[in-house]
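**Q** Provided below are the primary sequence and the corresponding predicted coordinates.
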Amino acid sequence: MERDTADETALELLVHGVGGTTPEAMLGDPRTVRVSGDDTAAVYRRADDADAEERPDDYRGKPVPEAYVWCNLTSGNGSRALWLLLLPFMVVNLAHWMRPNAHRRTRTVRAYGLLVRLVGLSLTVLLVAAACEVALDLVAWQCAGTHACGEGRSWLGFLSVDAHGHGGWWSQPGRRLALTAAVPAALVGLLWYLSHRTWGAYESQQPLPHQPDPEEEAPTNALGRPGFWYGRRLVARLRAAHTAAGLLTVAAAVGTSAARFDRGSGGPALLDVLGRILDGALVVGTGIVVWVVCRRGRSENTVDRTLDRTVVRLLPASALALLLLTFLYAGWSRPEWRSHGRLPGDATFGGIVLVQGAVVVALAVVARAIHRRARDSRAALRGLGGPATAMLACALGGVMSGGVSQRVADWLDGSGTPGADGTIEGPPVLLSWQASVIPPLLIVVAVVCAVLAQRTIRLKRRETATVATDYPGEPEDAARTSAIAGTRARAALTDQAPMIIGAVSTVTLLLGAGALIGAWATHQVPGQAAQGTYDIVEGAAQTAQAMGSWLIGLGFILFVTWGRRAYRDASARRTIGILWDVGTFWPRAAHPFAPPCYAERAVPDLTWRMATWTRATGGRLVLSGHSQGSVLAAAAAWQLHPTVRRRVALLTYGSPLERLYGRWFPAHFGPAALGALHRQVDCWRNLHRTTDPIGGPVRLPGEDGPQVDHPALKDPLAYGRTEQHPLPAPILGHSDYQADPVFAEERARLLARLRPEVPGPRPDGEPAAPQGSSGKSSS
């Protein structure tokens, strides 16, 4: 290829944002063709541009548009609805990446990652314990063991006892527990299957091979390391550990109940010995699981293709074998054994809550220690964003667990009062206390929202005066001014998210500690515990308990309804996909059962496309990312070989790179990381609007700031009716940045900047070093 042809070849690689879109919408043409990729993620062109490289004269002065469509990675088929079950796991995985920026504090960084992984492990145990509470305690132990509850349910007939406490072969408590334990064991199997299937589709994607450049410094940002988007080894280890933890939780729920009876019944000594051996095996297994989780973190400096096959295979298999042995032990005939009251769920759930609270507090201490060494004024909650998010993950897990248990207990109990004659005891007391703290928490949320509403009103008043100066000479229209000012004020609410998250997580921690103390101190539900106190206290306790039970049940019903709708309706899946677009950008580093990281497919796709196209054509390339697409674009640029990266221009618009990612993930998108990206690519321009609730300026310090950030775009483009806009111009906010003439102007300037530095491809196919310097100047 001749050099002048290369000079005129230009490509604009478009990457869409959250919510997804179609290639036809991105390219503005109903006729598109897939250039590369599959039904999950692919690169498209307009049909007329399919052979653009063979007709360079037709594209002089304009780039060839190309669209990378990745929305099916998060909102594809109906099985994505199952990901709702994994919401707490996704949130705790986010907490891992919210670590403050650290300067050579390796031990504290490792401690931070270890503590988050322990929180993730506790969430797995919590979920499985909730399934055990429903299947083993409420159904097998309480309902099937109570004649009044079991007689009206034919599906429980073979497990139930009669009025004298007798029944068939399956009616003995140990056998009932062993049989119904298949439900939580199946849940663990489902989680293992989902994780393993997505592990093969996402974590196994091969990243672009990294060739060392002696003139390039080692990447300081983790997103530029060769193995960052290849987490195959860690996810396999964590999956084995969490699967084993789930199976051990089921084994403990079944085996310890039988062991308690054997120790206190004076029965055969052999069963007592077997029970103690199983208890010891459970303790040893738990220690091994914790050791595996703590032993190793992520390996990012190299593409680590090693698999710890002994751990991956032996650990879950051993836990499964122990579970089967526990079933045999519990199913041994014990004619004198009767089920009454509850299984010891308060101790189980109380222990989980206590461990979670202690680990979150320790995580906060470590995060503050890291933040003090490298203070970042823009970091969310002064470095405590990760611990606050981990606390919210625990709260989500508690609400989901309590909601399921409460609804099933109400369904089994009918209209009876828990604990009365002929009815079941219901779920553990602690779950009722946890439900009772929801109304006070909502009051705190309401107060925070009221404060934010006041701030928004004051900001709208200030913006009202600003709108007039932004559109000079226009006839005043009070309604139009109010709409524009209100949109700007509401868009600024995004910057208040740290205050909301901080307040909710702090109050959740305090209320959770109060619920734990109340449950363990009284062993009664709040309404009963408050009896005999002041009337106002008793009334408040009963009201909180009733409202909490209703709210947690309503949340469970909405959760199930949303999941069913998402399974059947593609548009609902796309709505849920927006949540996954933001929450699953990061690799699974803290929890293997979290929804998979789509960036482990999208980032290699983009880097391979850019590297192969520039190598084949020697042309100019503008990487154009909107919203979340700008985050993918930045991550892909970091992964490029330095000689290729210096031939790429970056155009971002509606970008949350600094506003969201820089504040919440300062170790990876803080000022130092974004400043390094600006120096490493040839040129970068960022467009934003004051009406955009998601995107914002990059805010690089010093002279770099104006070089990257364009002044805020005018939105709407016209205040009133004009010659160019005879109809009222819409307030665009986060969408349609390409409709602004500034977009085309900035893209043309980026292409013009690239022109003098474009090298021709070497004969051996390797990219040549750029000609000329790569110094920055204002676009």
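**A** Noted; the coordinates are in hand. Residues are numbered from 1 along each chain as shown.

**Q** what's around residue 694, how many residues?
**A** 19 (other CB atoms under 10 Å). (C-beta placed from N, C-alpha, C; glycine too.)

**Q** thought it was touching residue 654?
**A** Yes - counting by CB atoms under 8 Å, residue 694 touches residue 654, with 6.2 Å between them.

**Q** identify the contacts common to the two.
**A** 627, 734 (CB atoms under 8 Å, 6 or more residues apart in numbering).

**Q** can you tell me what sits against the helix or strand where residue 318 lies?
**A** Residue 318 is part of helix 309-330 when elements are defined by DSSP states H and E. Residues outside helix 309-330 that contact it (CB under 8 Å, 6+ apart) are 174-175, 177-178, 181, 185, 192, 236-237, 239-241, 243-245, 247-248, 250-251, 254-255, 257-258, 271, 274-275, 278, 281-282, 285, 288-289, 292.

**Q** and the pLDDT at residue 473?
**A** pLDDT for residue 473: 83.

**Q** residue 31 too?
**A** 95.

**Q** and it, how far is that from residue 23?
**A** 10 Å (CB to CB, to the nearest Å).

**Q** these two: which is more packed in?
**A** Shown here are residue 31 and residue 23; by other CB under 10 Å, residue 23 has more neighbours (21 against 10).

**Q** so that one touches residue 44, yeah?
**A** Yes - between residue 23 and residue 44 there is a contact under CB under 8 Å: 3.6 Å.

**Q** pull up the overlap in contacts between the two.
**A** Common neighbours of residue 23 and residue 44 (CB under 8 Å, 6+ apart) are 32, 34, 67, 69.

**Q** rebuild the residues you listed as JSON lines, extending it with distance to residue 354 and secondary structure.
**A** Shown next, in JSON lines, are the shared contacts of residue 23 and residue 44 (distance: CB to CB, whole Å; DSSP: H, G, I helix; E, B strand; the rest coil):
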{"residue": "32", "distance to residue 354": "56", "secondary structure": "strand"}
{"residue": "34", "distance to residue 354": "54", "secondary structure": "strand"}
{"residue": "67", "distance to residue 354": "51", "secondary structure": "strand"}
{"residue": "69", "distance to residue 354": "47", "secondary structure": "strand"}
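
**Q** of those, buried ones?
**A** 32, 67, 69 (16 or more other CB atoms under 10 Å).

**Q** quote the end-to-end distance of stretch 341-350.
**A** 18 Å (CA to CA, to the nearest Å).

**Q** tell me the SS of residue 650?
**A** Applying DSSP: H, G, I helix; E, B strand; the rest coil to residue 650 yields a three-state assignment of strand.

**Q** state the distance from it to residue 196.
**A** Distance of residue 650 to residue 196, given as CB to CB: 36 Å.

**Q** same check on residue 437?
**A** Distance from residue 437 to residue 196, by CB to CB: 37 Å.

**Q** the more surrounded of the two?
**A** Between residue 437 and residue 196, counted using other CB under 10 Å, the more crowded position is residue 437 (23 against 14).

**Q** next up, the contacts around the more buried one.
**A** 511-512, 514-515, 544, 548.

**Q** ok now stretch 248-266, how far from the chain's centre?
**A** Relative to the centre of its chain, stretch 248-266 is centred 37 Å away, using CA atoms, centre = their mean, to the nearest Å.

**Q** could you pull out the helices for the stretch 101-250 of the chain?
**A** Along the stretch 101-250 of the chain, counting by DSSP state H, counting those that start in this stretch, helices occupy 106-132, 147-150, 173-180, 182-198, 232-265.

**Q** next one: phi and psi at the residue nearest to residue 497 when sequence neighbours are not counted?
**A** What sits nearest to residue 497 in space, not counting adjacent residues and going by CB to CB, 6 or more residues apart in numbering, is residue 380, at 7.7 Å. Main-chain torsions, residue 380, degrees, to the nearest 10: phi -60, psi 130.

**Q** who touches residue 380 in this structure?
**A** Going by CB under 8 Å, 6+ apart, the list of residues near residue 380 reads 98, 497-498, 501, 663-664, 666.

**Q** just the ones of the residues you listed in helices?
**A** Among those, DSSP state H puts 497-498, 501, 663-664, 666 in helices.

**Q** give me the angle between the helix or strand encompassing residue 347 and helix 232-265.
**A** With elements taken from DSSP H and E, the one containing residue 347 is helix 345-373. Relative orientation of helix 345-373 versus helix 232-265 (axes from the mean of the first three to the mean of the last three CA atoms, to 10 degrees): 150 degrees.

**Q** okay, buried residues for helix 345-373 please.
**A** Those would be 345-346, 348-350, 352-353, 355-357, 359-360, 362-364, 366-367, 369-371, for helix 345-373 by 16+ other CB under 10 Å.

**Q** re the thing from before, present the contacts of residue 380 as CSV; the columns should include distance to residue 522, neighbour count and pLDDT.
**A** Conversion of the contacts of residue 380 to CSV gives the following (distance: CB to CB, whole Å; neighbours: other CB atoms under 10 Å; pLDDT from 0 to 100):
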residue, distance to residue 522, neighbour count, pLDDT
98, 37, 27, 96
497, 37, 17, 91
498, 36, 17, 93
501, 31, 19, 94
663, 42, 22, 94
664, 39, 22, 95
666, 43, 25, 94
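
**Q** pLDDT below threshold where in the stretch 501-650 of the chain?
**A** Scanning the stretch 501-650 of the chain with the threshold set as pLDDT under 70 gives 563-579.

**Q** helices of that one, start to end?
**A** 526-529, 535-568, 570-583, 599-617, 628-639, 642-645.

**Q** deepest in the core, which of these is it.
**A** helix 628-639 (a mean of 27; mean count of other CB atoms under 10 Å).

**Q** from the chain's centre, how far out does that one sit?
**A** With CA atoms, centre = their mean, you get 18 Å for helix 628-639.

**Q** in stretch 467-480, what's buried?
**A** Buried, per 16+ other CB under 10 Å, within stretch 467-480: 467, 471, 474, 480.

**Q** wait, is the last one part of a helix?
**A** Yes - according to three-state DSSP, the state of residue 480 is that of a helix.

**Q** that one against residue 729, yeah?
**A** No - under the criterion of CB under 8 Å, residue 480 is not in contact with residue 729, lying 10.0 Å apart.

**Q** enumerate every residue touching residue 732.
**A** Per CB under 8 Å, 6+ apart, neighbours of residue 732: 689, 691, 715-716, 739-740.

**Q** just residue 464 next, same as before
**A** By CB under 8 Å, 6+ apart, the neighbours of residue 464 are 481-482, 485.

**Q** among those, name the buried ones.
**A** Looks like those have 481, 485 buried, using 16+ other CB under 10 Å.

**Q** any idea which of the contacts of residue 464 is closest to residue 9?
**A** Closest to residue 9 out of the contacts of residue 464 is residue 485 (45.5 Å), distances taken as CB to CB.

**Q** so what's that closest one closest to, chain neighbours aside?
**A** Counting by CB to CB, 6+ apart, residue 485 lies nearest to residue 463, which is 3.8 Å off, once chain neighbours are set aside.

**Q** pretty sure residue 250 sits against residue 130.
**A** No - the criterion here is CB under 8 Å, and residue 250 misses it with residue 130 at 11.8 Å.

**Q** which one's more surrounded, those two?
**A** residue 250 (29 against 25).

**Q** hang on, the earlier thing: so which of the ones in helices among the contacts of residue 380 comes closest to residue 589?
**A** Nearest to residue 589 among the ones in helices among the contacts of residue 380: residue 664, at 15.4 Å, using CB to CB.

**Q** sorry, back to before: may I see the contacts of residue 380 organised as TSV, with distance to residue 556 added?
**A** Output for these, formatted as TSV (distance: CB to CB, whole Å):
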residue	distance to residue 556
98	28
497	26
498	29
501	23
663	33
664	29
666	36
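
**Q** for those, which one is nearest residue 341?
**A** Among the contacts of residue 380, and counting by CB to CB, the member closest to residue 341 is residue 501, at 39.7 Å.

**Q** contacts only, for the closest one.
**A** Contacts of residue 501 (CB under 8 Å, 6+ apart): 380-381, 385, 388-389, 392.
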